[in-house]
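sequence unknown, structure follows:
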């Protein structure tokens, strides 16, 4: 199954939330370089899939502060997606190395 752009976004969100569960959607959008709307859409999809749960900081005076926590299933899916992402990046790296080698040969023959 090919690695889709949506999988890459989900991977990056899961990876970020694992490290920074209290990150705001706005901060997450900036970090990922995507719109706030896309961030919200993807977070909702991950919550619907049961990979992320959202918890409100009840003691926090800012009642709009949330924590986004990976569920056990979310941790499993992150591991699976990480392997797919790694395979994709290795393939891209190998293709880039081959292209560089061809360009070096071409540059040396002129």
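That came through, no problem. The structure displayed is predicted, hence computed values, not measured ones.

going forward, measure contacts between C-alpha atoms and count neighbours the same way
Fine.

dump the residue contacts of the most centrally placed residue in the chain.
Geometric centre of the chain, nearest residue: residue 12, 1.1 Å, by C-alpha atoms, centre = their mean. By C-alpha atoms under 8 Å, 6 or more residues apart in numbering, residue 12 lies in contact with residue 32.

Relative to residue 53, how far out is it?
Distance of residue 12 to residue 53, computed by C-alpha to C-alpha, to the nearest Å: 16 Å.

Residue 94 too?
37 Å.

Repeat that for residue 101.
Counting by C-alpha to C-alpha, the gap from residue 101 to residue 53 is 47 Å.

re the thing from before, helix or strand: which one has the residue nearest to the centre of the chain?
helix 5-19 (DSSP states H and E).

Pull out the buried positions in that helix.
Neighbour-count burial for helix 5-19, counted by 16 or more other C-alpha atoms under 10 Å, picks out 7, 9, 10, 11, 12, 13, 14, 15, 16, 17, 18.

how about those in TSV, adding distance to residue 28 and pLDDT?
Formatted as TSV, the buried residues of helix 5-19 follow (distance: C-alpha to C-alpha, whole Å; pLDDT from 0 to 100):
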residue	distance to residue 28	pLDDT
7	16	81
9	11	89
10	12	90
11	13	91
12	10	93
13	8	95
14	11	94
15	11	94
16	8	95
17	9	95
18	12	93
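
Residue 94 and residue 53: which is more packed in?
Neighbour count, other C-alpha atoms under 10 Å: between residue 94 and residue 53, residue 53 has more, with 18 against 12.

angle of the helix or strand harbouring the more buried one against helix 5-19?
Here residue 53 is covered by strand 52-56, with elements defined by DSSP H and E. With axes from the mean of the first three to the mean of the last three C-alpha atoms, to 10 degrees defining the directions, strand 52-56 sits at 50 degrees from helix 5-19.

Mind checking the pLDDT average for strand 52-56?
Averaging pLDDT along strand 52-56 yields 88.

Please compute how far it lies from its chain's middle.
Distance of strand 52-56 from the chain centroid (C-alpha atoms, centre = their mean, to the nearest Å) equals 17 Å.

List the buried residues for it?
In terms of neighbour count (16+ other C-alpha under 10 Å), strand 52-56 has its buried residues at 52, 53, 54.
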